[in-house]
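>>> Here is the input, now give the coordinates:
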Amino acid sequence: MKKLNSIFTILFFALILISCKVSEKDSQSPPNIIFIYSDDQRQDAAGFNGNEIIITPELDRFAEKGIQFSNANVVFALCSPSRAALLTGRYGSANGVLHLNSDLNENEITIASYLKDAGYNTAMSGKWHLGRKPEEAGFDFHTYFKGNGTYYERTIFDMGEKVKAEIHCDEYCVNRSIDFLKDAASKDHPFFLFHNTQLPHMNGKLIWDAKQETLDKYNQDEMPVSKSRLDDLANKPEYLKSVRNKIKAKDYGYPDSIAIQKHTKDYYSVISEMDDALGRLFKTIEELGLIENTYIFFMSDNGWMLGEHGFTSKVLPYRPSSSVPLFVIGPDIKPGSNSNLILNIDMAPTILELAGIEIPDNIHGESITGILLGKKQECRDAFVYEGLGNYGGALPNLTVVSKKYRYIVTYENESLQKVLFKELYHQKQDFDEMNNLINNSSYKSVINEMQKLVDNHKKEVLKY
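Residues are numbered from 1 along each chain as shown. Predicted coordinates for the structure are as follows:
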């Protein structure tokens with residue numbers, strides 16, 4: 001009997017040892033990565049960022065599970081450049097994408113390619129806005145629509161086949177992302193899913209075409225109106241009075257407060273519809289048990305102006321353009337908030353480090369893995385916004401953004417030789433960026449420090 005008990009004891013501990021080995025192996029397996037990139041969603045256009053009017057319950061629910069970044073920005077607020085910056089971790093002047101529909105330089109490598117080479121199953125779904133095809137950028141699975149267009153009856157390229165989607169293009173691509181996740185979850189390989197929404201980008205007719213039932217959820221009178229909507233632009237560059245952002249704003253009825261409120265209601269409504277579609281994606285992630293070994297990022301490709309300074313749209317180097325929502329959830333990430341200056345070019349090195357892949361020396365962004373895992377509290381003090389595209393008649397600018405200040409240098413042309421105008425705003429005391437301090441002698445040392453960062457960017461990144 002004693003001998004039998006000894007055998008059972010040995011077997012018991014052997015099973016425990018095997019179980020520990022399996023658990024250790026599972027904990028060391030590469031994590032899955034899901035990155036969701038919305039389109040034209042400003043930083044405050046989400047409930048988790050303190051907006052008590054907008055209806056985004058699904059995003060709010062997931063954001064509560066991770067770190068919410070209150071000071072996330074993009075390095076250029078335009079669709080194609082922002083996506084290229086995210087995928088490469090490099091500025092547009094280096095990766096080749098400064099304009100809509102332009103393509104990465106031939107030698108540029110995306111995070112999808114790095115992950116694929118490391119054994120990841122890679123997928124992209126939704127909006128694609130670069131010259132090369134997704135499969136040429138490292139994605140095994142690909143279902144996408146090109147650039148901007150109608151929400152319904154959209155042409156979608158689904159694994160090489162041309163499909164006319166009767167349902168909303170975001171709904172179609174959520175369905176296909178779900179298909180990918182179900183398949184990927186049954187395999188031994190880790191996966192990377194890059195999911196891109198059309199919303200809240202306007203449709204092909206440049207309107208936010210929300211369903212009436214969604215619009216009915218909002219009260220137009222409750223929509224916010226920017227304090228800077230009547231800005232006469234006297235202390236800003238002259239060209240801004242005739243730039244596309246101003247002309248289109250007038251078409252929409254700006255700076256009239258009622259027109260802005262109506263527009264904002266439409267904008268909030270399509271974000272609610274995006275939230276609803278993403279809710280199905282989130283539910284699938286949970287049902288498949290992926291949450292235990294998957295890092296999930298949510299970010300927007302750029303912000304959007306809703307009447308600030310009388311403008312609409314993006315591109316211009318002001319806070320509503322560059323500032324975007326960002327949260328990250330995943331293994332070992334404790335819920336909380338973080339106010340570090342985080343950029344879209346930080347996402348590539350972060351993803352690579354999480355996947356255990358060496359970060360290339362030519363990447364401009366910084367990994368925030370330390371912040372995610374609670375090991376690092378501080379990041380950069382400032383960054384340079386590279387406004388070098390000419391979309392909508394915008395003039396080239398290099399803009400330094402810190403937690404306190406925004407310093408904008410506008411140039412005559414792309415040679416960046418002749419300075420036309422300079423601006424300095426104290427973003428804590430002047431949230432609306434109305435009081436240009438450039439000629440205030442009290443800020444001379446601040447201006448000098450900011451200019452050094454511009455000069456260094458021209459030397460180190462632009463190679464001037």
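>>> State which helix of the protein is the longest.
helix 257-287 (DSSP state H).
>>> now for that helix, which elements pack on it?
strand 32-38, helix 57-63, helix 169-185, helix 212-215, strand 305-306 (3 or more C-beta pairs under 8 Å, 6 or more residues apart in numbering; DSSP states H and E). For the C-beta atoms, the positions are set from N, CA and C on the backbone; glycine is no exception.
>>> Tabulate those (TSV), appending mean neighbour count, distance to Leu87 and mean pLDDT.
Formatted as TSV, the helices and strands packed on helix 257-287 follow (neighbours: other C-beta atoms under 10 Å; distance: least, C-beta to C-beta, whole Å; pLDDT from 0 to 100):
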stretch	mean neighbour count	distance to Leu87	mean pLDDT
strand 32-38	25	10	98
helix 57-63	20	23	98
helix 169-185	21	17	98
helix 212-215	12	31	98
strand 305-306	25	25	98
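>>> Any idea which of those gets closest to Gly336?
Closest approach to Gly336 among the helices and strands packed on helix 257-287 (C-beta to C-beta): helix 57-63, 10.9 Å.
>>> follow-up on the earlier one: so which of the helices and strands packed on helix 257-287 comes closest to Lys334?
Relative to Lys334, the nearest member of the helices and strands packed on helix 257-287 by C-beta to C-beta is helix 57-63, separated by 13.6 Å.
>>> what about that closest one, distance to the chain center?
Relative to its chain's centre, helix 57-63 lies at 16 Å (C-alpha atoms, centre = their mean, to the nearest Å).
>>> after it, next one along is what?
Next along the chain after helix 57-63, taking DSSP states H and E as the criterion, comes strand 67-69.
>>> For that following strand, name the packing helices and strands.
strand 326-329, strand 336-338.
>>> a markdown table for the helices and strands packed on helix 257-287, including distance to Gly50?
Listed next are these as a markdown table, based on distance: least, C-beta to C-beta, whole Å:
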| stretch | distance to Gly50 |
| --- | --- |
| strand 32-38 | 17 |
| helix 57-63 | 11 |
| helix 169-185 | 25 |
| helix 212-215 | 22 |
| strand 305-306 | 16 |
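>>> Convert stretch 280-287 to PDB, retaining C-alpha atoms only.
Provided in PDB are the C-alpha atoms of stretch 280-287 (Å, rounded to 0.1, in the frame of the first residue of the first chain):
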ATOM      1  CA  ARG A 280     -18.700  43.000 -32.500                       C
ATOM      2  CA  LEU A 281     -14.900  42.800 -33.000                       C
ATOM      3  CA  PHE A 282     -14.300  43.200 -29.300                       C
ATOM      4  CA  LYS A 283     -16.900  40.600 -28.400                       C
ATOM      5  CA  THR A 284     -15.200  38.100 -30.800                       C
ATOM      6  CA  ILE A 285     -11.800  38.800 -29.200                       C
ATOM      7  CA  GLU A 286     -13.300  38.000 -25.800                       C
ATOM      8  CA  GLU A 287     -15.300  34.900 -26.900                       C
END
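>>> What residues of it count as buried?
281-282, 284-285 (16 or more other C-beta atoms under 10 Å).
>>> can you check stretch 370-383 too?
Applying 16+ other C-beta under 10 Å to stretch 370-383 flags 371-372, 379, 382-383 as buried.
>>> want to throw these into CSV with distance to Pro335, pLDDT and secondary structure?
CSV is the format used below for these (distance: C-beta to C-beta, whole Å; pLDDT from 0 to 100; DSSP: H, G, I helix; E, B strand; the rest coil):
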residue, distance to Pro335, pLDDT, secondary structure
Ile371, 13, 96, helix
Leu372, 12, 97, helix
Cys379, 19, 87, coil
Ala382, 28, 98, strand
Phe383, 26, 98, strand
